[in-house]
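> My questions are about this predicted structure, shown below with the sequence.
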Amino acid sequence: GENVEQHPSTLSVQEGDSAVIKCTYSDSASNYFPWYKQELGKGPQLIIDIRSNVGEKKDQRIAVTLNKTAKHFSLHITETQPEDSAVYFCAASGGSYIPTFGRGTSLIVHP
Amino acid sequence: EAGVAQSPRYKIIEKRQSVAFWCNPISGHATLYWYQQILGQGPKLLIQFQNNGVVDDSQLPKDRFSAERLKGVDSTLKIQPAKLEDSAVYLCASSPRQGNNSPLHFGNGTRLTVT
């Protein structure tokens, strides 16, 4: 089955800095890569996703890049704000259509 | 649209007791998932339903866990008997349909503590 590795497990930045979270996956058949943000006491919420026919996607301060050859994808957050503090999960899915999640990155943005 | 509803929000039980969680997905969503999220880890799939049929339950510990989705809408997840290692947040998610990698819509989960 699919295996998703996510790094770092914790990321601490100053407000206004950029944050980058990286994930690798094992199944070459995976073709859908969503990112979720989970705030304390809530379920994960989709923030951006990318499909394998696209190399990069941007939505305001958030961008995701995908390298299918290397089987890795990354989340980039620019101009971080304290409200960006949360746990971020990457996921990958393909033929089975069942997303496999990474272990999560706890992002802390210091004001 | 109303989100995925889960209840209860919290549950504390002793080991060997039983517990049940309820989920009401977003109206019209055919696919429903139950995930287990242990503290500090990502969600792990327990079972996936498409309408009222099971698509994947390969990671469900069937000796103690059971789930059903009668009439293809609400779903219930049960644990009997519970073990200490079942302490986790149980997340329900739904998506419009299987087969096109749609984003999942999660509820806020039920936090289970087994003592």
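Structure received. Numbering: from 1, shown residues only, chains lettered A, B, ... in the order given.
> Let me know the average pLDDT across stretch B:90-97.
Looking at stretch B:90-97 alone, the average pLDDT works out to 92.
> and that stretch, is it in reach of chain A?
Yes. Contact between stretch B:90-97 and chain A, assessed by CB under 8 Å from any CB of the partner chain, occurs at B:91, B:93. In this view, the C-beta of every residue, glycine as well, is placed from N, C-alpha and C.
> ok now that stretch, how far from the chain's centre?
8 Å (CA atoms, centre = their mean, to the nearest Å).
> Flag every buried residue along it.
B:90, B:91, B:92, B:93, B:94, B:95 (16 or more other CB atoms under 10 Å in any protein chain shown).
> The fourth one: what secondary structure?
I take that to be residue B:93. For residue B:93, the assignment made with DSSP: H, G, I helix; E, B strand; the rest coil gives strand.
> cool, and the first one?
Reduced to three states with three-state DSSP, the structure at residue B:90 is strand.
> thought it was touching residue B:77?
Yes. The pair formed by residue B:90 and residue B:77 meets the contact definition of CB atoms under 8 Å, at 6.3 Å.
> so what sits against both of these two?
Common contacts of residue B:90 and residue B:77 (CB atoms under 8 Å, 6 or more residues apart in numbering or on different chains): B:21, B:34.
> next structured bit after the lowest-mean-pLDDT helix or strand in chain B?
None of the helices or strands of chain B scores lower by mean pLDDT, DSSP states H and E than strand B:53-56, at a mean of 91. Helices and strands here follow DSSP states H and E; after strand B:53-56, the next one along the chain is strand B:65-68.
> I'd like to know the average pLDDT value across that following strand.
The average of the pLDDT scores along strand B:65-68 is 97.
> Point to the residue nearest the middle of chain B.
Closest to where the C-alpha atoms of chain B average out (CA atoms, centre = their mean) is residue B:34, at 2.8 Å.
> Chain neighbours aside, what residue packs nearest to that residue?
In space, residue B:34 comes closest to residue B:46 once its chain neighbours are excluded; the distance is 4.5 Å by CB to CB, 6 or more residues apart in numbering or on different chains.
> Now the one you found. Its backbone dihedrals?
Reported as degrees, to the nearest 10, the phi and psi values for residue B:46 are phi -100, psi -50.
> Tell me if I'm right that it and residue B:66 touch.
No. Between residue B:46 and residue B:66 there is no contact under CB under 8 Å: 10.5 Å.
> And those two? Which one has more around it.
Comparing residue B:46 with residue B:66 by neighbour count (other CB atoms under 10 Å in any protein chain shown), the higher total belongs to residue B:46, at 20 against 16.
> how about the more buried one, what does it touch?
By CB under 8 Å, 6+ apart, the contact set of residue B:46 is B:34, B:35, B:36, B:57, B:59, B:60, B:65, B:67, B:77.
> What's opposite the closest residue to residue B:85 other than its chain neighbours in the beta bridge?
Once flanking residues are discounted, residue B:85 sits nearest to residue B:114: 7.9 Å by CB to CB, 6+ apart. Here residue B:114 sits in beta bridges with residue B:13, going by DSSP bridges.
> ok, now residue B:20?
Beta bridges link residue B:20 to residue B:78, judged by DSSP bridges.
> same thing with residue B:33?
Applying DSSP bridges to residue B:33, the residues it is bridged with are residue B:48, residue B:93.
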